[in-house]
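Asker: Sequence below, structure please.
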Amino acid sequence: MAETNMEAYAGEVVDEVSVPQLTLWDRYVLSLQERPVLTKAATSGVLNGLQELIALRVSGKPDPNGLNKAAKMAAYGFFIGGPLGHHLYAALDKMFAGKTGGLHAILKLLVSNLVIAPIQNAVYIAAMAYIAGANTAGVIRALRTRLLGVMKITWIVFPLVQTIAFKYLPQALWLPFFNIVGFTFGTYINIKTKLATSNKKSLGDGKEL
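Answerer: Numbers count the residues shown, from 1 in each chain. Just a heads-up that it's a prediction; the model follows:
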């Protein structure tokens, strides 16, 4: 009896030791499966806020409202950007579930770029204008003046990104992948915008002198 108990205990110890520890990435993927909306919302929120903080740091241009703007961008990503992206791409995946072949792949890209992307970009531009202090008229003006330009960039950059995601990644990872690409590209644009704005202000101050 004692020997049997010892063998059982030894087996439990071996089982505990042999269980592989989950990596951070494994935990993230597991969270995407168990809590997809919350995980994607948190991912979008963190990346949006981090984008603004990095742009402020790299540009070297102090902004007294920088932290406040970063917090608002994070809030946008968490409460709007992440959940919206999840439901839009989940609908896209459901629409083309079980459909294969070149024609369906092209149609999927078209729907993504002509339906989903305009919705996401319009909501993003409107939210950023509101965060910057624009009223309703200002938000509408921002959409009229900026949406087409943003869409042109989207149509140049994202078809390749989407093709990679649709072909090689599970649907749960599409939005995080798009967020990372958008974070990289958005940070670059944000830094350039801050530097250009600062240079224009400096030139203006110089002319006044």
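Asker: got the contact list for the most centrally placed residue in the chain?
Answerer: For the chain, the residue nearest the mean C-alpha position is Asn179 (2.4 Å; CA atoms, centre = their mean). Going by CB atoms under 8 Å, 6 or more residues apart in numbering, Asn179 touches Lys40, Thr43, Ser44, Leu47, Gly82, Gly85. (Glycine included, C-beta is placed from N, CA and C.)
Asker: Going by neighbour count, which of those are buried?
Answerer: Using 16 or more other CB atoms under 10 Å as the burial test, those include Lys40, Thr43, Ser44, Leu47, Gly82, Gly85 as buried.
Asker: if we can go back for a sec, sort out for me which of the contacts of Asn179 are in helices.
Answerer: Among the contacts of Asn179, DSSP state H puts Lys40, Thr43, Ser44, Leu47, Gly82, Gly85 in helices.
Asker: quick one: which two of those residues are the most distant?
Answerer: Leu47 and Gly85 (11.6 Å; CB to CB).
Asker: Let me see the ranges of the helices in the chain.
Answerer: Going by DSSP H, the chain shows helices at 2-18, 24-34, 36-59, 66-76, 82-95, 102-111, 117-131, 136-168, 171-208.
Asker: Show me which positions of the fifth one end up buried.
Answerer: What it means is helix 82-95. By neighbour count with 16+ other CB under 10 Å, helix 82-95 contains the buried residues Gly82, Pro83, Leu84, Gly85, His86, Leu88, Tyr89, Ala90, Leu92.
Asker: from the residues you listed, which is closest to Gly138?
Answerer: Scanning the buried residues of helix 82-95 for proximity to Gly138, where the rule is CB to CB, the winner is Leu84, at 21.7 Å.
Asker: gap between the nearest residue to Val46 once chain neighbours are set aside and Leu143?
Answerer: Distance criterion CB to CB, 6 or more residues apart in numbering; nearest residue to Val46, sequence neighbours excluded, is Ala74 at 6.9 Å. Noted for Ala74: a distance of 22 Å to Leu143, by CB to CB, to the nearest Å.
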